[in-house]
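1. Using only what follows, build the 3D model:
(one chain, ligands or ions: 3)
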Amino acid sequence: MASSFPYKLYLVISEEACLHDHFLKVAEQAVKGGVDVVQLREKNASTEEFLRKAFWLKEVLDRYEVPLIINDNLDVARQVEASGVHVGTSDIPPSQIRENWRDVACLGYSIEDLNQMESSETKTADYLGISPVFKTDTKTDTIIEWGLSGVRKIRSMTDKPLVAIGNMNAENAAEVIKAGADCIAVVSAICASQDPAKAAEQLRNEIEKS
Ligand SMILES: Cc1ncc(COP(=O)(O)OP(=O)(O)O)c(N)n1
Ligand SMILES: Cc1nc(C(=O)O)sc1CCOP(=O)(O)O
Ligand SMILES: [Mg+2]
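-> Ligands and ions are numbered 1, 2, ... in the order given. Predicted coordinates for the structure are as follows:
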């Protein structure tokens with residue numbers, strides 16, 4: 001059966017993370033450089049603002065047939081007809097998302113504790129976020145730093161697609177893929193770059209050669 005998450009380079013974007021250009025331009029440049037899935041993560045926006053940004057971003061991504069994932073907010077995801085939603089342990093549980101959105105194409109769930117690996121919530125997800133592989137200033141409310149050994153351990157426990165997130169960049173992407181991740185997710189490696197297309201291309205090259 002074809003994987004419902006065949007992607008390798010995942011951009012997690014917000015307007016505020018984009019330091020040098022408008023977030024829609026950053027997203028488009030990143031896609032041109034090799035990003036093949038994008039998550040909109042607007043932690044401080046009202047639902048109305050989140051929805052507006054999601055519609056704009058979807059319009060850009062549709063031109064390149066790149067899927068849009070929405071962070072946390074099921075209503076926004078459904079209204080914008082996104083491909084899916086990413087949730088963590090403090091969000092709506094994946095099982096509830098499946099109940100409310102029968103044909104969700106892509107449901108992501110963060111793994112912060114090995115005990116989650118046996119749970120039905122984890123089993124219902126389409127991909128798992130390794131949360132975080134390395135500590136990052138972009139998200140500080142995390143409880144573990146998995147490191148390469150954590151990636152290997154999680155890989156040994158599941159066949160689901162694994163997304164590595166947390167301080168991922170062109171220097172460490174290859175070793176994280178070798179440890180068992182299927183996909184690299186980044187915020188600042190692309191959003192804080194002066195040249196998002198080049199940053200994405202470098203990441204993509206590292207992933208492809210590993
Ligand atoms: C691909 C990916 N992995 C993990 C996360 C983190 O989700 P979560 O734990 O719900 O934290 P917030 O992003 O909501 O702060 C993610 N967003 N994407
Ligand atoms: C959105 C997000 N989730 C994380 C997790 O650990 O679950 S870390 C993170 C931010 C990743 O940003 P950067 O690429 O700048 O390190
Ligand atoms: Mg969340």
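
2. got the residues of the protein near ligand 2?
-> Residues of the chain found near ligand 2 (C-beta under 6 Å from any ligand atom) are 12, 41, 110, 129, 131-132, 136, 138-139, 142, 165-168, 186-189. Placement of C-beta: from N, CA and C, glycine included.

3. go with 5 Å
-> Within reach of ligand 2 by C-beta under 5 Å from any ligand atom, the chain has these residues: 12, 110, 131-132, 136, 138-139, 142, 165-167, 186-188.

4. which one of the residues you listed is nearest E99?
-> Within the residues of the chain next to ligand 2, the smallest distance to E99 is 19.6 Å, found for S110 (C-beta to C-beta).

5. Can you say which two of the residues of the chain next to ligand 2 are spatially most distant?
-> Distance extremes for the residues of the chain next to ligand 2: the farthest pair is S110 and S188 at 18.2 Å, using C-beta to C-beta.

6. and those two? which has more neighbours close in?
-> S110 (22 against 18; other C-beta atoms under 10 Å).

7. The helix or strand hosting that one and ligand 3, any residue contact?
-> For S110, the enclosing helix or strand under DSSP states H and E is strand 106-111. No. Using C-beta under 5 Å from the ion, strand 106-111 stays clear of ligand 3, coming no nearer than 7.0 Å.

8. helices or strands up against whichever helix or strand comes after that strand?
-> Remark: after strand 106-111, the chain's next helix or strand is helix 120-124, criterion DSSP H and E. Judged by 3 or more C-beta pairs under 8 Å, 6 or more residues apart in numbering; DSSP states H and E, helix 120-124 is in contact with helix 94-100, strand 106-111.
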